[in-house]
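Student: Curious how this folds, go ahead:
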Amino acid sequence: MKWTTLLLVLLATSTTFAEDWPQWMGPKRDNIWRETGIVEEFGDEPRYLWKTPIAGGYAGPSIANGRVYVTDYVTKDDVKVSNFERELFTGIERVMCLDQTTGKELWKHQYPVQYTMSYPAGPRCTPNVHGGHVYTLGGEGNLICFNAESGDVVWSKNLPVEYATKTPLWGYAAHPLIEGDTLITLAGGPGSLVVALDLKTGEEVWRSLTSKEQGYAPPRIIQAGGKRQLIVAYPEGLSGLDPATGKEYWTAPYQANNGSIIMTPVHAGNHIYVGGFNNKNLLVELGTDEPTATTVWRDQPRLAMSPVNVQPFLTDDKTLIGFDQSGQMLCLDLLTGERIWQSTEPLNMSRPVNSGTAFIVKNEDRFFLFNEQGELIIARLSREGYDEVDSMKVIESTNLAFGRDVVWSAPAYADKCAFIRNDKEIVCVDLSVR
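Tutor: Below is the predicted model:
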């Protein structure tokens, strides 16, 4: 009887577990929300658990150990501009730690910074919480390691100064990656496009590759060709490296327009796909016995996908769904680049809008989307099409892009809630079944 009772308790626990969201795209960096007991449809009004004022930024929050970590930019300047001329804006970047249950501020760190980048609303990168520390990367390359509990600075680096480079046009936007005892990030500069730093000290472990611009694509880890590989996409190539040493296994040439390679590479079976601005795309086939890669096709006009703000989602080894720079949601056959269907429905638009945005996260057999109008959407996505189940307005669009109001920040999903920010507040919305 005791063993039966214990088994029932364990089964109940396994189906009601609470999960953190400690980094960009969630615990496994795959945009899958694995909690159960989540609503099938929304009610009449959002169930807000709390709202906390913050300032500008595109960086999504991270959730770990009962705390919310979020970054912003406080300035008196008008930053609702494109700023392709690299004018200067003066303000402070902040890193804030909030209580997950109440939204109350627990600690805050701030530092002055001049913005030179385009779309200067605030930081881009989601904080990364790991091993009692939180790592943040600001829009102008201020990389800081904090004690996650106290907010004390453990170490910090200014990447443009450290590596003799300059901030990319759209700011430092490639979310750093934790691999073993290192933090891997795009830095820039000769021979140091990508660097690995010791998690505890910030000391450099290795540096690798050279590119005239950093690009914005977050690196990723895969297993292929009998090796663990670090995959790095950048304006001049797609490379597979040894994550322990930075040694180059292979490189496929690539030329991104305006340095605009933004998505993290998609790994599908024995293929890697990347797409950048204006139909600059690349599919490579990976070696099965050795860490090699062969180009299958590149730069397919009117085919494939050029993601901008939204990481596309791989539903199986040959089906990719995401948002193109045209503002349409596309479904691709990944092996051929053929567009199976396209839709503007997630954005409530009759026609596409430039860089239309809705962030995609899978939960069980459906998807949660958060669009640039500040709406949460429940939908089913497949090769057969887009099937919307329900939608609900949760936050205002406080920024500006291409002449329209937008909110371009990816939510975090944890403890059966959505944590969503704009340039005025961060909110916690209860999505649990009641």
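Student: in the stretch 151-300 of the chain, which spans are helices?
Tutor: When assigned using DSSP state H, counting those that start in this stretch, the helices of the stretch 151-300 of the chain occupy the ranges 159-162.
Student: Report the residue spans of it with pLDDT below the cut-off.
Tutor: For the stretch 151-300 of the chain, the stretches flagged by pLDDT under 70 are 258-259.
Student: Strands along that one, start to end?
Tutor: 153-158, 177-179, 182-186, 194-198, 204-208, 220-224, 227-234, 237-241, 248-253, 266-268, 271-276, 280-286, 293-298 (DSSP state E, counting those that start in this stretch).
Student: Make TSV from those and add distance to R34 and mean neighbour count to it.
Tutor: All C-beta spots, glycine's among them, are computed from the backbone N, C-alpha and C. Shown next, in TSV, are the strands of the stretch 151-300 of the chain (distance: least, Cβ to Cβ, whole Å; neighbours: other Cβ atoms under 10 Å):
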stretch	distance to R34	mean neighbour count
strand 153-158	30	16
strand 177-179	19	20
strand 182-186	24	25
strand 194-198	28	23
strand 204-208	31	18
strand 220-224	19	17
strand 227-234	23	24
strand 237-241	28	25
strand 248-253	31	16
strand 266-268	19	19
strand 271-276	24	26
strand 280-286	27	22
strand 293-298	31	16
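Student: Nearest to V389, out of those?
Tutor: Among the strands of the stretch 151-300 of the chain, the nearest to V389 by Cβ to Cβ is strand 266-268 (25.5 Å).
Student: So what touches that closest one?
Tutor: For strand 266-268, contacts defined as Cβ atoms under 8 Å, 6 or more residues apart in numbering pick out 220, 222, 224, 231, 272-274, 312, 314, 317-318, 320, 334.
Student: same thing but 6 Å
Tutor: Applying Cβ atoms under 6 Å, 6 or more residues apart in numbering, the contact partners of strand 266-268 are I222, Y273, L314, D317, L334.
Student: for stretch 69-78, same thing?
Tutor: 54-57, 59, 61-62, 89, 91-97, 122-123, 127, 134, 136, 426.
Student: follow-up on the earlier one: okay if I get the strands of the stretch 151-300 of the chain as a markdown table plus distance to Q328?
Tutor: Output for the strands of the stretch 151-300 of the chain, formatted as a markdown table (distance: least, Cβ to Cβ, whole Å):
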| stretch | distance to Q328 |
| --- | --- |
| strand 153-158 | 39 |
| strand 177-179 | 29 |
| strand 182-186 | 28 |
| strand 194-198 | 32 |
| strand 204-208 | 36 |
| strand 220-224 | 25 |
| strand 227-234 | 22 |
| strand 237-241 | 24 |
| strand 248-253 | 27 |
| strand 266-268 | 18 |
| strand 271-276 | 13 |
| strand 280-286 | 15 |
| strand 293-298 | 21 |
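Student: Nearest to G403 among those strands would be which one?
Tutor: Short answer: strand 271-276, nearest of those by Cβ to Cβ, at 23.6 Å.
Student: Quick one: work out the angle between the closest one and strand 227-234.
Tutor: 20 degrees (axes from the mean of the first three to the mean of the last three Cα atoms, to 10 degrees).
Student: Make 27 the first number, not 1, from now on.
Tutor: Understood, numbering begins at 27; the last thing we discussed is strand 297-302.
Student: For strand 297-302, what is the distance to the chain centroid?
Tutor: The chain centre lies 16 Å from the centre of strand 297-302; the measure is Cα atoms, centre = their mean, to the nearest Å.
Student: elements contacting that strand?
Tutor: strand 306-312 (3 or more Cβ pairs under 6 Å, 6 or more residues apart in numbering; DSSP states H and E).
Student: what does the strand it packs on contact?
Tutor: Under Cβ under 6 Å, 6+ apart, the answer for strand 306-312 is 250-251, 264, 278, 280, 282-283, 296-301, 319-326, 330.
Student: Also stretch 181-200?
Tutor: 142-144, 150, 163, 165-171, 212-215, 218, 228, 240, 242-244.
Student: Quote the end-to-end distance of it.
Tutor: Using Cα to Cα, to the nearest Å, one end of stretch 181-200 lies 20 Å from the other.
Student: how near is the residue lying closest to Y275 once chain neighbours are set aside to G266?
Tutor: Of all residues not flanking Y275 in the chain, P317 sits nearest, at 3.8 Å (Cβ to Cβ, 6 or more residues apart in numbering). Plainly put, P317 is 6 Å away from G266 if you go by Cβ to Cβ, to the nearest Å.
Student: Return every residue with contacts to both of these two.
Tutor: Q255, Y275.
Student: bridging residues for E311?
Tutor: H297, T320 (DSSP bridges).
Student: and the gap between it and L212?
Tutor: 25 Å.
Student: next one: P194
Tutor: 9 Å.
Student: so what sits against both of those two?
Tutor: Q240.
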